[in-house]
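> here are the coordinates; sequence isn't available:
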């Protein structure tokens, strides 16, 4: 698989976040479509064909559109966003994504009054995605992978449609050619290799929530005070450089440190109930 | 006499093979992990490798006596101790990995997790029992304990069941591997059907 350099506005990185090395970002992936083990997507995704690609944006809106491969990187000016990524499995990384705001894309299709949620779907192609063809390899989850956001979450300026990382287009294991990045939520919300975005009126049933509703909620906001039933979410291992002896356990921040930008979205909500 | 020596040689060979097959992968694992050559997150890798390795060795230990019976090769029975001790060593490393590399010696979190997470509780009970078997595997203790030694070592069946539960409970979604291990466990216990039935009956009677 070949990635190509992108033109973009760099992030000034005001918080001086230390980046996770690129080699780790592209070799440690939860992308069950290419195998449930962390190293498998890198091994099994290299023949993934992303051109041609079609991304359909429709549902409850006035101007539905379909984007092709070229549109993904040319329709909007691209910007770099250095975000913390917190996996529900209690590890984290810092990744320089490149992309555009989901809000800009949604404004283009003009959501109508009944649009309350946004539903995302990953490509369904068992011939190219061995995890979809083989239950054992694919971790036994239902395909195609679906995720969702409330419309106001989708319109938040932090919510990114990413087409690249580390200056280049996305490698397939990271969700080429286009993926979602929602930095204040657990990583599984940031759905990869998206083929459709649909505006809907009801809260959608999402993949991990369907599989284990007590373990994975619809909101999945990073919350150190709400444990996963089988492990603590109060702290995380922050993957940067260093091997087995890296002292990298850090405290997990509410909303993964993005509370200032997003906490208002959940005002008055019981976050233990809506986890 | 000649036959005895031949048998002793066979046992020795078998033990050498077990040492190599059990020790080398562990050595290789930590060499890679210490040099940061084990993927982006070596911590998860070493935890899983030693955990599944301990389970494999435990099942292998339980395979020895049915094999010996079936093929009338009683001389292989002594390797059970070596296999069992390796199973214990892998289990020990499994927990040490969790404590040292995952939790990074956050002791209160360690004890909290053991109490709070049922799958860890079950795993820990299995480990404590396994440790008791490992300690009493010394010949002198074995002689001293007499009949109670066998009663204690019958716990190997319970340990294996607990480990199967621990594994099944710990996975996120893919259930095929833990189910496969569950079936293996049941098959190996089925060979001891009469013995286990008698054990269970004796427990019920005591009450």
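Nice, I can see it. Just so it is clear, the structure is predicted and the values come from calculations on it, not from any experiment.
> who in chain A is up against chain B?
Neighbours of chain B within chain A, by C-beta under 8 Å from any C-beta of the partner chain: A:20, A:23-25, A:27-28, A:32, A:36, A:38-39, A:89, A:91, A:135-136, A:139-141, A:211-212, A:227, A:229-232, A:234-235, A:237, A:239, A:241-245, A:247-249. The C-beta positions use only the backbone N, C-alpha and C, and glycine is treated the same way.
> Give me the subset of the residues you listed that lies in helices.
Among these, the members found in helices (DSSP state H) are A:23-25, A:211.
> between the residues you listed, which is nearest residue B:37?
residue A:23 (11.2 Å; C-beta to C-beta).
> ok, now which ones touch that closest one?
Contact analysis of residue A:23 by C-beta atoms under 8 Å, 6 or more residues apart in numbering or on different chains lists residue B:40.
> 7 Å instead?
Contacts here follow C-beta atoms under 7 Å, 6 or more residues apart in numbering or on different chains; on that basis residue A:23 touches nothing.
> Show me just the buried residues among the residues of chain A next to chain B.
Buried residues within the residues of chain A next to chain B, counting neighbours by 16 or more other C-beta atoms under 10 Å in any protein chain shown: A:20, A:24-25, A:27-28, A:32, A:36, A:38-39, A:89, A:91, A:139-141, A:227, A:230-232, A:234-235, A:237, A:239, A:243-244, A:248-249.
> what's the nearest residue to residue B:174 if we skip its chain neighbours?
residue A:139 (4.4 Å; C-beta to C-beta, 6 or more residues apart in numbering or on different chains).
> Residue A:87 too?
Nearest non-adjacent residue to residue A:87, counting by C-beta to C-beta, 6+ apart: residue A:187, 4.4 Å away.
> try residue A:11
Sequence neighbours aside, residue A:80 is the residue nearest to residue A:11 in space, at 4.2 Å (criterion: C-beta to C-beta, 6+ apart).
> do the same with residue A:262
If the residues on either side of it in the chain are set aside, residue A:262 comes closest to residue A:184, at 4.9 Å by C-beta to C-beta, 6+ apart.
> Ok, residue B:42 next?
residue B:33 (4.2 Å).
> number of nearby residues for that neighbour?
21 (other C-beta atoms under 10 Å in any protein chain shown).
> contacting residues for residue B:29?
B:46, B:49.
> Quickly find the element holding it.
helix B:2-34 (DSSP states H and E).
> Following the chain past that helix, name the next helix or strand.
helix B:42-70.
> thinking again about what came up before, how much space is there between the residue nearest to residue A:87 and chain B?
Residue A:187 sits 13 Å away from chain B when distances are taken as C-beta to the nearest C-beta, to the nearest Å.
> Near that residue, how many other residues are there?
21.
> pretty sure it contacts residue A:89?
No: assessed by C-beta atoms under 7 Å, residue A:187 is found out of contact with residue A:89, at 8.4 Å.
> low pLDDT regions in the chain?
Just going to use chain A. For chain A, no stretch is flagged by pLDDT under 70.
> wrong one, chain B
In the predicted model of chain B, residues B:1-3, B:207 satisfy pLDDT under 70.
> okay, which residue is most central for chain A?
The residue lying closest to the centre of chain A (C-alpha atoms, centre = their mean) is residue A:190, at 1.5 Å.
> residues in contact with that residue?
Under the criterion of C-beta under 7 Å, 6+ apart, the contact partners of residue A:190 comprise A:179-182.
> List buried residues within the residues you listed.
By neighbour count, with 16+ other C-beta under 10 Å, the contacts of residue A:190 hold A:179-182 as buried.
> can you redo the residues you listed as a markdown table with secondary structure and distance to residue B:94?
Listed next are the buried ones among the contacts of residue A:190 as a markdown table, based on DSSP: H, G, I helix; E, B strand; the rest coil; distance: C-beta to C-beta, whole Å:
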| residue | secondary structure | distance to residue B:94 |
| --- | --- | --- |
| A:179 | strand | 34 |
| A:180 | strand | 36 |
| A:181 | strand | 34 |
| A:182 | coil | 34 |
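> Count the neighbours of the residue lying closest to residue A:61 once chain neighbours are set aside for me.
Once flanking residues are discounted, residue A:61 sits nearest to residue A:109: 4.2 Å by C-beta to C-beta, 6+ apart. If you count neighbours by other C-beta under 10 Å, residue A:109 ends up with 19.
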